[in-house]
Structures are given as C-alpha cells and as structure tokens.
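K.L.:
quick one, structure for this:
(one chain, ligands or ions: 1)
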Amino acid sequence: MELKNNFNGKYFVGNRKNSKYEESKIIIFPIGYEGTVSYNKGTINGPEAIINASQYLENYDEEFEIELNNIHTFKISKFDENIKIETALDFVYENSKKILNDNKFPLMIGGEHSLTLGLVRALKEKYNEFTIIQIDAHTDLDESYNNNKYSHASVMKRINEIENINIIQLGIRSITKEIHQFVKNNNQICTIFSHEIKQMPISKLIEKLIPNIKKNVFITIDVDGFDPHIFPNTGTPEPNGLEWQYTINLFKQILKEKNIIGLDFMEFSSNKQEHYSDFSAAKLIFKLLCLIESNKKTI
Ligand SMILES: [Mn+2]
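P.N.:
Residues are numbered from 1 along each chain as shown. Predicted structure coming up:
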C-alpha cells in the first residue's frame with residue numbers, strides 16, 4: 001500500500017513556519033479506522049475533527065513557554081471498515097518506520113486503539129527495549145474480542161507478547177476478574193486503577209512508577225482514560241477518569257527523567273453536534289508536544 005506522506009491537507013495548529021516534512025522534527029500521521037470498534041462508531045472521523053479544531057489554537061503555550069513550529073502533518077488516511085485490521089496495521093507500521101528512519105518523532109492520531117500495535121512494531125525495531133505508558137479506562141488485554149485477536153480490546157495483550165517491552169496502565173476502571181488476576185501475575189504489566197490514582201499524591205505515584213520505567217518511553221493515550229467531562233465523545237465512556245492537570249503534571253515529572261520516543265492519541269470520536277471534545281483533543285496533543293519540546297531529549 002502506498003504511503004500517503006505527501007502533504008495536501010491541513011497542518012496541525014495551522015500553517016506555521018518550517019512545517020515541510022524535511023524541516024520538521026514532529027510528524028503527525030492521522031488515521032481514521034474503526035474496523036473492530038464495538039460500540040458507538042465515530043473514530044473514523046476523529047482525526048479530521050482534531051486537525052480542524054487545531055486550526056483555531058495559538059501555536060504558543062504559556063505553561064511551557066514554547067512556540068511550537070516544525071510540525072508536519074500527513075494527509076489523513078481513512079480506511080473503510082471492510083479493510084482488514086492486519087492491512088491497516090501494515091500501513092501504520094510502514095509509515096512509522098519511515099518517520100523513525102528519518103530520525104523524526106512519530107505522533108499517530110487515531111482511529112481505534114488496535115492501530116497502536118503497528119507503531120509499536122516499528123518502535124521495537126529501532127529501540128528494542130522500552131516502556132509503554134498507557135492511559136486508558138480499559139486494559140485492552142482480552143485474548144481476542146469478537147473472534148479477532150487484533151481487536152482494540154486485545155491490543156495490549158498482543159504488545160505484551162513482544163519481548164523487552166513493559167506496560168504501565170494508568171486510569172483503568174473497567175476490568176474482569178480474570179484479567180485482574182492476569183495483571184497481578186504478570187511482571188511486565190503494572191496496572192494502576194483510577195480509584196488508586198485519585199487517592200495518591202502525584203509524588204507517591206511517581207515514586208512508584210519511575211523504577212518501572214525504562215530509559216525510553218512510548219505514550220499511548222486512549223481518550224477514555226480521561227474523565228468524560230473532558231472527552232464526552234468516545235465510544236465507551238467511563239466515569240471517574242484522569243484529570244487534565246494531574247496528567248500533564250505526571251508526564252512532566254516522567255519526561256524530566258526519561259526519553260520519549262513516540263506518542264499516539266486514539267479512540268477519539270467526532271460528533272458534529274458537539275465540538276467541545278474536538279478542541280480538548282487538539283489542545284491536549286498540542287500541550288503534550290510542548291512538554292516534549294521543552295524537554296528536548298529525543299527531538
Ligand atoms: Mn484502549
């Protein structure tokens with residue numbers, strides 16, 4: 001399948017300077033795909049809604065004192081739901097590999113969470129060993145779902161089968177008894193529930209996490225990890241999710257000590273009646289890029 005890396009759409013946060021592929025350090029690749037989504041479709045249009053909303057953001061962040069340029073945005077790829085997930089994963093892998101080979105920072109905007117596996121495969125080739133920090137309401141550790149082992153509900157199970165990658169799950173608040181037992185017995189997965197986070201000062205959480213985080217970190221965000229007042233628009237919302245500033249502060253602390261090698265933002269649905277979520281999503285991605293830029297470790 002042809003790589004759609006020629007820009008002919010809109011830039012994230014508008015047409016800023018130094019946004020050509022060659023000049024950019026950060027490469028955004030938006031992929032609309034919802035072939036295995038279980039409930040309330042809409043993630044196929046998520047990336048477009050985020051990029052449209054981002055046109056109205058300032059490219060300056062007052063918290064990090066960063067003016068963000070050098071971001072290239074690939075054309076949005078939309079996959080029909082009849083396209084097999086394996087095909088979509090190959091596409092994500094090839095895109096990610098190209099970006100990583102060119103020593104640029106990959107940021108995927110989804111699309112359903114299953115696509116993360118394609119990016120992780122490419123990161124694995126480049127870095128071999130790293131930690132994934134997963135923000136999510138669900139563990140995504142089902143062996144398979146609807147007879148599909150590459151379903152969005154199984155993505156972290158497939159990733160857990162890859163050597164030298166450990167997983168830290170934050171904000172989980174929907175889990176079966178069997179999977180709870182599975183994570184207790186699995187030393188490659190550290191699951192921290194939302195109710196635990198809500199009762200833990202950030203310094204305690206950091207103390208607990210840092211020894212489990214390898215030098216290189218990949219962050220995967222399922223929007224439903226956040227509280228639904230921030231992102232009401234997602235397929236399967238769950239109450240009592242992560243809060244905005246707490247999460248930013250947490251990443252600030254982690255990235256002070258670790259290298260970030262990639263980021264994705266998944267499961268975002270768009271609903272034309274409500275555009276609040278579109279702006280939350282664009283802003284969160286922008287904030288995280290400013291945070292990454294302010295650390296300047298790998299990009
Ligand atoms: Mn997920």
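
K.L.:
can you check which helix is longest in the chain?
P.N.:
Identified as the longest helix of the chain according to DSSP state H is helix 276-295.

K.L.:
against which helices or strands is it packed?
P.N.:
If contacts are counted by 3 or more Cβ pairs under 8 Å, 6 or more residues apart in numbering; DSSP states H and E, helix 276-295 sits against helix 46-54, strand 60-61, strand 66-67, strand 105-110, helix 244-257, strand 259-266. Yep, even glycine has a C-beta here, placed from its N, CA and C like the rest.

K.L.:
what pairs with the last one, parallel or antiparallel?
P.N.:
Same thing as strand 259-266. strand 105-110 (parallel), strand 216-222 (parallel) (DSSP bridges).

K.L.:
residues from the stretch 1-150 of the chain in reach of the ion?
P.N.:
Listed as neighbours of the ion in the stretch 1-150 of the chain under the rule Cβ under 5 Å from the ion: 113, 136, 140.

K.L.:
was I right to think the first one contacts residue 139?
P.N.:
No: under the criterion of Cβ atoms under 8 Å, residue 113 lies out of contact with residue 139, with a separation of 11.2 Å.

K.L.:
quick one: which of these two has more around it?
P.N.:
residue 113 (29 against 23; other Cβ atoms under 10 Å).

K.L.:
residue contacts, that one?
P.N.:
Residue 113 sits next to 136, 140, 152, 155, 220, 222, 266-267 when contact means Cβ atoms under 8 Å, 6 or more residues apart in numbering.

K.L.:
give the buried residues for whichever strand or helix holds residue 88.
P.N.:
Under the criterion DSSP states H and E, the helix or strand holding residue 88 is helix 85-101. Buried positions in helix 85-101, judged by neighbour count with 16 or more other Cβ atoms under 10 Å: 85, 88-89, 91-100.

K.L.:
let me have the residues you listed in TSV, extended by pLDDT.
P.N.:
Shown next, in TSV, are these (pLDDT from 0 to 100):
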residue	pLDDT
85	91
88	93
89	96
91	95
92	96
93	97
94	96
95	95
96	97
97	97
98	96
99	97
100	98
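
K.L.:
how near is the residue of the stretch 51-200 of the chain found nearest the ion to residue 194?
P.N.:
Of all residues in the stretch 51-200 of the chain, residue 113 sits closest to the ion, at 3.8 Å by Cβ to the ion. Residue 113 sits 17 Å away from residue 194, going by Cβ to Cβ, to the nearest Å.

K.L.:
over to residue 11?
P.N.:
Residue 11 is 35 Å from residue 194, where distance means Cβ to Cβ.

K.L.:
and what of residue 265?
P.N.:
Counting by Cβ to Cβ, the gap from residue 265 to residue 194 is 19 Å.

K.L.:
comparing the two, which shows the higher neighbour count?
P.N.:
residue 265 (26 against 20).

K.L.:
got the contact list for the more buried one?
P.N.:
Residues in contact with residue 265, defined by Cβ under 8 Å, 6+ apart, are 50, 107-110, 221, 223, 281, 284-285.

K.L.:
beta-bridge partners for the nearest residue to residue 267 once chain neighbours are set aside, please?
P.N.:
Nearest residue to residue 267, sequence neighbours excluded (Cβ to Cβ, 6 or more residues apart in numbering): residue 222, at 4.8 Å. When bridges are called by DSSP bridges, residue 222 pairs up with residue 266.
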